[in-house]
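Peer 1: what follows is a predicted structure for the sequence shown.
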Amino acid sequence: MVSSADVKIHVPALALLVCPLALAGCSGDDTAGAGPGDAGESADAPATDGTIGTDGAPGPDASDAATTDAGLTTDASDAGPSALVRVAWLDDPAYAPALAGASTFDVCLAPHGTGNWTGPLLAAAGGSGLALGNVSAYFTVPVGQYDARIVPIDADAGAPTCAPFTAHTPDAGGSDGGAVAPITDFTNLPATPNGTALTLVFTPPFTSPAPGAIAELVPLVDETTTSPGMVGVRFANVSGIGGALDYGLGGGVTFVPWFVRITSAEHLDPGADAQGYRQVAPFTGLDTSLQQGGIDLGVSDGFDAPAGSRISAFAALVPGQDAGVEIGLVACADGAPNAATPWLSQCNPISVVPPGTISGVATRFADFIADPGFMAVDVCLKYDFAPAWTDPPLLGPSSPGLLAGQVTKRFPIHSGGLFDVRLVAAGSATCATAVTPDVTYFPPSTASELATVAITGWEAPPVDAGASLAEAGADANAGAGLSSLSVAAVTLEDLSCHETAPIVRVVNVAGGDAVPLTATLVDPEGGGGWSFADVPYGGFLTSVPHDACGYLAVGSATTGVLTVAGKNWSYDATSLSSDTLYLYSAGGGVGVVACDDADPSAAACAPLVAVP
């Protein structure tokens, strides 16, 4: 989980690691945990001396001067106004032949135009360089304007230095194509006034045709504060390929966009603030996603973003299958170092959702409303904390919707948050008008990431329901204390227990009577059978030999006559590996719908045919 908890843009421990080996005049400050730009610090206040090391022991004595290979001193008496710089490495040797042989990279800095290179930054901090998708922690530097130099790291070449290197470009046959002078230096960095922060984003050389081109630099000025009670979020599209991208909360069909149609040409959202940030409400444990055309391209799992924190997200080009390319997502908690590798920012690993796959929990929705002749419905979703529903409904205005006993295909729903679920009339273009009380859904975090939300109960209980209905209430026989008289959602984890196939589960969603139901299969040809006895309303059996998800391994007993509540149905599951049988209210009696839990399509479920 990526967390922005207790984020401070200044990282004292890291500054102490870096400063004695890096840039003149920088020092750590462990006195208040506040850094440049934090509340309570004057914009003109000089940095203070750092005297505590990363292990709590006394740090470098302020009187000890250290000299870098550029001849710069780090004597603490030189401390003055400072800024912060970090590096995001979103390049890959696959796009720059001159980088062949290097897999990680470091960066050196020099005051603009001087050639007095200092670093490499990560090596000085004890780091091992940046791989594709890595973002460094912030490094404290004196104010000014800098040039940057890329340092490819070759594991066989010893400790990295700031010296220029000569690359060898392979020719078309894979042989050494000869030495080239790689373009490693970049002089287009903006100035860094006191209290500011800067991210140097290195991407593939999209617009540099020169043989020695190894990267392009996109410098981004970072914000160090947020609006009170809010979270600052910025999205940078540095993927370098055509097509606009969206970034936001959640994903799949419950995506809440923060940034819409951002192109790689513009990098940042022109409608955001001057540095590309938008202010959003704090959240905990939720995914963020990169989308194009409603399809998840990358997902950052389980982000924590408390008030006052900041998030930077990047769309990056990633080598794909069959020499193709894909777009991935990197999302970082700004200013929060990685505990295991303090020279890196706390970011999710670069994420790519393979084409054709579902990210999140593949969820289907079932209509088991008990009211006879109830209208066809569609399904709407929104995060519980969101003020507005996501239009249009899942099936869309042109769909005939769901009638009782019908089930949707599976939709990608991201876990980690509570969702409101609303039924609207089929054909609705918006989610404004509910036709039953809203219910809730918390997607399970399961190994299989498959789930069903079965909506059952009565929208309008009959006045002559009789004793069994009137007394049902939160019946002891009803799963999770459900009432068969009110609309409710039963959430089922599908296939997460991994019983040996073929497996069958029986779920009782027959609203209108909380009396448990028994389902028995008998094979007339003598092939055996099975029985689910006293299945509670709103639930399934978990007693031995059923597994925790309610499935029973049935061996060869996959065909026969199914009997429930004195009625018979023909059942044939010879071609299935997993089946859930839903017992629901139908025409004043009980109906049975069988669903192939392994089939993601709308054709996975069908009613059983009654027989004498």
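Peer 2: Cool, got the structure.
Peer 1: which residues touch residue 606?
Peer 2: Counting by CB atoms under 8 Å, 6 or more residues apart in numbering, residue 606 makes contact with 593-594. Quick note: C-beta positions are derived from backbone N, CA and C, even for glycine.
Peer 1: quick one, strands of the stretch 451-600 of the chain?
Peer 2: Here the stretch 451-600 of the chain has its strands, by DSSP state E, counting those that start in this stretch, at 488-493, 503-509, 517-522, 529-535, 552-553, 559-564, 567-572, 578-586, 589-596.
Peer 1: just these: most buried one?
Peer 2: strand 503-509 (a mean of 28; mean count of other CB atoms under 10 Å).
Peer 1: ok so, going back, can you say which of the strands of the stretch 451-600 of the chain is nearest to residue 280?
Peer 2: strand 488-493 (27.6 Å; CB to CB).
Peer 1: can you dump the C-alpha coordinates of that closest one into PDB?
Peer 2: Extracted in PDB, the C-alpha atoms of strand 488-493 (Å, rounded to 0.1, in the frame of the first residue of the first chain):
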ATOM      1  CA  ALA A 488     -31.100  -6.200   0.600                       C
ATOM      2  CA  ALA A 489     -27.900  -7.100  -1.100                       C
ATOM      3  CA  VAL A 490     -26.200 -10.500  -0.600                       C
ATOM      4  CA  THR A 491     -22.500 -10.300  -1.600                       C
ATOM      5  CA  LEU A 492     -20.900 -13.600  -2.600                       C
ATOM      6  CA  GLU A 493     -17.200 -14.400  -3.200                       C
END
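Peer 1: what confidence value was assigned to residue 28?
Peer 2: Residue 28 carries a pLDDT value of 33.
Peer 1: meant to ask about residue 231, not that
Peer 2: Reported pLDDT for residue 231: 96.
Peer 1: ok, residue 124 next?
Peer 2: Value for residue 124, per-residue pLDDT: 90.
Peer 1: so what's residue 243 closest to, chain neighbours aside?
Peer 2: residue 292 (5.9 Å; CB to CB, 6 or more residues apart in numbering).
Peer 1: again with residue 183
Peer 2: Closest to residue 183 by CB to CB, 6+ apart is residue 212, at 4.8 Å.
Peer 1: which ones are touching residue 208?
Peer 2: So residue 208 contacts 183, 216 (CB under 8 Å, 6+ apart).
Peer 1: do residue 585 as well
Peer 2: Applying CB under 8 Å, 6+ apart, the residues near residue 585 are 368, 370, 404, 456, 510-512, 591.
Peer 1: coming back round to it: how many other residues sit next to the residue nearest to residue 243?
Peer 2: 15 (other CB atoms under 10 Å).
Peer 1: again with residue 296
Peer 2: Neighbours of residue 296 using other CB under 10 Å come to 24.
Peer 1: can you pull up the bridge partners for it?
Peer 2: With DSSP bridges applied, residue 296 shows beta-bridge pairing to residue 291.
Peer 1: does it touch residue 290 like I think?
Peer 2: Yes - if you go by CB atoms under 8 Å, residue 296 and residue 290 touch, sitting 7.2 Å apart.
Peer 1: how much space is there between residue 122 and residue 336?
Peer 2: 17 Å (CB to CB, to the nearest Å).
Peer 1: what's the domain layout of the protein?
Peer 2: For the chain, the domain assignment from automatic domain parsing gives the residue ranges 12-347, 361-611.
Peer 1: hmm, back to that, in CSV, list the strands of the stretch 451-600 of the chain along with distance to residue 376.
Peer 2: Shown next, in CSV, are the strands of the stretch 451-600 of the chain (distance: least, CB to CB, whole Å):
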stretch, distance to residue 376
strand 488-493, 18
strand 503-509, 18
strand 517-522, 26
strand 529-535, 27
strand 552-553, 33
strand 559-564, 25
strand 567-572, 24
strand 578-586, 15
strand 589-596, 16
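Peer 1: CSV please, covering those and showing mean pLDDT.
Peer 2: Compiled in CSV, the strands of the stretch 451-600 of the chain are given as follows (pLDDT from 0 to 100):
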stretch, mean pLDDT
strand 488-493, 91
strand 503-509, 93
strand 517-522, 92
strand 529-535, 93
strand 552-553, 90
strand 559-564, 92
strand 567-572, 92
strand 578-586, 91
strand 589-596, 92
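Peer 1: so which of those strands is nearest residue 235?
Peer 2: Comparing the strands of the stretch 451-600 of the chain by CB to CB, strand 488-493 comes nearest, at 32.1 Å.
Peer 1: can you list the strands that the closest one pairs with?
Peer 2: Using DSSP bridges, the strands paired with strand 488-493 are strand 450-457 (antiparallel).
Peer 1: buried ones in the partner strand?
Peer 2: Residues of strand 450-457 classed as buried by neighbour count (16 or more other CB atoms under 10 Å): 450-457.
Peer 1: for stretch 111-119, same thing?
Peer 2: Quick answer for stretch 111-119 (16+ other CB under 10 Å): 111, 116-119.
Peer 1: going by distance to residue 423, which of these wins?
Peer 2: residue 119 (60.3 Å).
Peer 1: report the spatially closest residue to that closest one, excluding sequence-adjacent ones.
Peer 2: Residue 119 sits nearest to residue 108 (CB to CB, 6+ apart), 3.7 Å away.
Peer 1: contacting residues for that neighbour?
Peer 2: So residue 108 contacts 117-121, 148-149, 151, 162 (CB under 8 Å, 6+ apart).
Peer 1: go ahead and confirm the residue nearest to residue 183 touches residue 182.
Peer 2: Yes - with contact defined as CB under 8 Å, residue 212 counts as touching residue 182 (4.5 Å).
Peer 1: who has more neighbours out of these two?
Peer 2: The neighbour comparison of residue 212 against residue 182 (other CB under 10 Å) goes to residue 182, with 24 against 18.
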